[in-house]
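> following is a predicted model, sequence given first.
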Amino acid sequence: MRTALRRTVQAGAAGLFVGGVVLLTAGPAAAHVTVSPTVTAAGSYTVLTVSVPHGCDGAGTTKVAIKIPEKIIAVTPTVNTNWSVRKVMADLNPPVKDSHGNEVTQRVSEVVYTAKAPLPDDMRDKFELSLKLPDTPGETLVFPSVQTCEKGETAWVQVPATGQNPDDLEHPAPGFKVTEAAKEGDEAAVNANTALTSAQSDTGDNDSGGTSTVSWIALAVGILGLLLGGFAVLRPTLTKSRDTTA
């Protein structure tokens, strides 16, 4: 019986170790300011979620300025009750026509969120921007963002050179790649892409103090491994005991 219990503990420890490894590796990418689109297809309307997971070296965040790529003309920011928001406009030369044939002489060059009260360093928040993606599949859209804090600021503006890994940058600018426009009959693929983007956003926004969905799943897998391992080891002993009693 002692041997069975020892094996049970060993099996459980192995299961929890696997879960712990996943817990440790599921969250490091959450340290940066990120942008997550609901849709990435060229020419589509999308909602971007810009996530701010922490402050500047312990100082609370007071303002986040998000630069908009030149190929994007109009942006509709979502109201966030903890922040005031304003759009910075820039002249278009030459003017362009919108989808209704109207002449547009200005574009949104920047969206600035200012905190009504500083966002604590150990808290996160997010901003949503509704816009239409340019018809440029394969292009990477970059949204350089400056995070101003009670003390100092962090400029998330670094863009990787060709072939460079963005993870090698200390303060990479948030961005994503525009994909091919969905063809007729590809609705399922679009929905799958949207679901994947949403899942990545859910697991990538947690920074310090939070536990992501992937982490909870990893923990559950570890506990399940403990239970199954214990049952597998004890089963021969229990069967032998039952046979002897019979």
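Nice, thanks for sending it over.

> just give the strands next to the longest strand along the chain in its sheet, each with its orientation.
Looking across the chain with DSSP state E, the single longest strand is strand 103-119. On the basis of DSSP bridges, the sheet neighbours of strand 103-119 come out as strand 61-67 (antiparallel), strand 83-97 (antiparallel).

> now do the strands in this protein.
Using DSSP E, strands in the chain cover 34-37, 45-52, 61-67, 75-77, 83-97, 103-119, 125-132, 140-142, 145-149, 153-156, 175-177.

> tabulate those strands (a markdown table), appending mean pLDDT, distance to Leu169 and mean neighbour count.
Using the backbone N, CA and C atoms, a C-beta is placed for each residue, glycine as well. Shown next, in a markdown table, are these (pLDDT from 0 to 100; distance: least, CB to CB, whole Å; neighbours: other CB atoms under 10 Å):
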| stretch | mean pLDDT | distance to Leu169 | mean neighbour count |
| --- | --- | --- | --- |
| strand 34-37 | 97 | 13 | 24 |
| strand 45-52 | 98 | 17 | 19 |
| strand 61-67 | 98 | 17 | 21 |
| strand 75-77 | 98 | 25 | 17 |
| strand 83-97 | 95 | 25 | 12 |
| strand 103-119 | 97 | 21 | 16 |
| strand 125-132 | 98 | 22 | 18 |
| strand 140-142 | 96 | 12 | 17 |
| strand 145-149 | 97 | 14 | 21 |
| strand 153-156 | 96 | 9 | 18 |
| strand 175-177 | 96 | 12 | 15 |
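
> contact partners for Thr46?
Pro37, Thr38, Val39, Thr40, Ser130, Leu131, Lys132, Leu133 (CB atoms under 8 Å, 6 or more residues apart in numbering).

> re earlier: hey, what's the angle from the longest strand of the chain to strand 145-149? Just curious.
Orientation check (axes from the mean of the first three to the mean of the last three CA atoms, to 10 degrees): strand 103-119 against strand 145-149 gives 30 degrees.

> got the contact list for strand 103-119?
The contact list for strand 103-119, computed with CB under 8 Å, 6+ apart, reads 52, 55, 59-68, 70, 72-75, 77, 80, 82-92, 95-98, 125, 127, 129, 149-150.

> give the burial count for the nearest residue to Gly152 once chain neighbours are set aside, as a bare number.
Distance criterion CB to CB, 6 or more residues apart in numbering; nearest residue to Gly152, sequence neighbours excluded, is Cys56 at 4.9 Å. Cys56 is flanked by 17 other residues according to other CB atoms under 10 Å.
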